[in-house]
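> The following block contains a protein sequence and its predicted model.
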Amino acid sequence: MRRALFAGAILLLAWAALVVPLPLAVTSPVPAPAVQEIIEFDDGLPGELPEELHVTVVRLDPATVAGAARSLTAEERELTLLPALLPPDVDQERFDELQREMFRESVRAAVAVGFDAAGLDVTIDGGGARIVATVPGTPGAEVFEEDDVITSVEGRDIELASELVTLLGDREAGEQLSVTILRDEEELTRTVELVPLEGEVGRIGLGVLVTTLDLRIDTPARAEVIADRRIGGPSAGLMLALAAYDAATDEVLGGDRVIAGTGTIDLSGNVGPVSGVAAKVRGALLVDAEVFLVPASHVEVARDVAPPELEVIGVASVGEAIDALAE
C-alpha cells in the first residue's frame, strides 16, 4: 500500500511539473513570416510586396517546472518573469484581442509611414490613447480611470495607442512622466511612475490597457491583415513600413537578400524599442536571413546573439533603414 502511495505521489509530481503553470513565461523563436503572409493590398501599386522581407515574432508560453528547467539549458529559449498584468475585468481572450487590435492599428500606421516615405499622399490621425482598463497595483491604476484619453506625454502629442507604446519604450522603469489626459471633456495633467512590464506585453508601461480613440488613416491603398492570430502589439511596424515603401516604388530594398527585422514605429517614422530581441534574431536565422534590422538601442544585444554571417543593422528611423538597404 505504501509503495503504491509513493508511486502515485511520484506520478502526481511528474504530472504537476509538466502541466502546472508558474508565474513565468518561456520565450522561444519561431520562423519569421514573410510580409506577404501577413498583409495584402486591395489596390494596384507600382511594385509588389517583397518576398525577401520578414517580420520576426516570438512565441510566449506559460512556464511549467519542466519547461522552466528546459529553458535554462536550451540556448534558444529564454525564461521571463510573467507578473499578473491583466486587470480583474479583462480576461486573457480580451487581452489577446486588444493586442491584436494594436497590431492591426500598427499595420495601418506603418503602411502610411511607408507610403509617406515613398512620396504618396497619406492622412493619419486619432483622438488619443483611450484607457480601457488599468492594472491593479501599478501607479497608473491610482491615477487613471477607464475611458480617460491620454493626449500627450512629456509634452509630446499622442494620437494613437501604438504611439504611446513606442514613446514609453525609450524610457526606464521608475521615471516620473507628465501625462495629459481628457476626462469628461476636462483636460488634466498627472505625474505617473513607469513600471516594468515583462514579456510580450510591453517592457515599460503606465499600468494601463489602451486603444486608439477615433482612429483615421487614409492611404492610396488599404492594407488588409490576413494573418494576425499569432502576432500582437506594434513591434512589426518597421518591417511593414519598409514593405509598403517597397511596394509603392520601383525600388527593391536589399536586392535579393533575405531581410528580417523588428521595431515599433511612430507617425514620424521613428523606430522604437521592442522585447525578445535575442529570440527574434534566432527566428530570423530559421528563414536563412542575411540581414537583421533592429532598433538602434538594441543593436548590441542582437550582435551578441547573431552569427558572423548575419549582418545586424541598427536603425533609428524608417529613412535610415531605407538608406541602409539601398546601399
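Right, received. Where do you want to start?

> Would you double-check that residue 267 falls in a helix?
No. Assessed with DSSP: H, G, I helix; E, B strand; the rest coil, residue 267 is coil; it does not lie in a helix.

> Help me confirm that it comes into contact with residue 159.
Yes. Counting by CB atoms under 8 Å, residue 159 is a contact partner of residue 267 at 6.8 Å. Just so you know, the C-beta spots here come from the backbone N, C-alpha and C atoms, and that holds for glycine as well.

> Common neighbours of these two, please.
residue 124 (CB atoms under 8 Å, 6 or more residues apart in numbering).

> Name the residue closest to the centre of this structure, please.
Among the residues of the chain, the one closest to the centroid is residue 235, at 3.0 Å (CA atoms, centre = their mean).

> Could you pull up the residues touching that one?
Residue 235 touches 262-264, 274-275, counting by CB under 8 Å, 6+ apart.

> cool, residue 190 as well?
143-144, 178-179, 181.

> quick one: which of the residues you listed sit in strands?
178-179, 181 (DSSP state E).

> Quick check on the residues you listed: which are buried?
Among the ones in strands among the contacts of residue 190, those scoring as buried are 179, 181 (criterion: 16 or more other CB atoms under 10 Å).

> how about the strands of the stretch 201-327 of the chain, start to end?
With DSSP state E, counting those that start in this stretch as the criterion, the stretch 201-327 of the chain has strands at 204-205, 208-212, 216-218, 223-225, 259-261, 264-265, 271-272, 291-295, 311-315.

> Against which helices or strands is the fourth one packed?
It stands for strand 223-225. Applying 3 or more CB pairs under 8 Å, 6 or more residues apart in numbering; DSSP states H and E, we find strand 223-225 packed against strand 39-41, helix 92-117.

> With the third one instead?
In this structure, strand 216-218 packs against helix 92-117, strand 123-125, with contacts taken as 3+ CB pairs under 8 Å, 6+ apart.

> same thing with the first one?
Packed against strand 204-205 by the contact rule (3+ CB pairs under 8 Å, 6+ apart) you find strand 195-196.

> distance between the strand it packs on and the chain's centre?
Distance of strand 195-196 from the chain centroid (CA atoms, centre = their mean, to the nearest Å) equals 16 Å.

> what comes into contact with it?
138-140, 173, 203-207.

> pLDDT of it, averaged?
Average pLDDT, strand 195-196: 81.

> likewise stretch 245-265?
On average, the pLDDT along stretch 245-265 is 89.

> Looking at the helices and strands packed on strand 216-218, spot the one closest to residue 299.
helix 92-117 (20.5 Å; CB to CB).

> any idea where the helices of the stretch 1-150 of the chain begin and end?
Secondary structure of the stretch 1-150 of the chain (DSSP state H, counting those that start in this stretch): helices at 2-19, 65-73, 92-117, 139-143.
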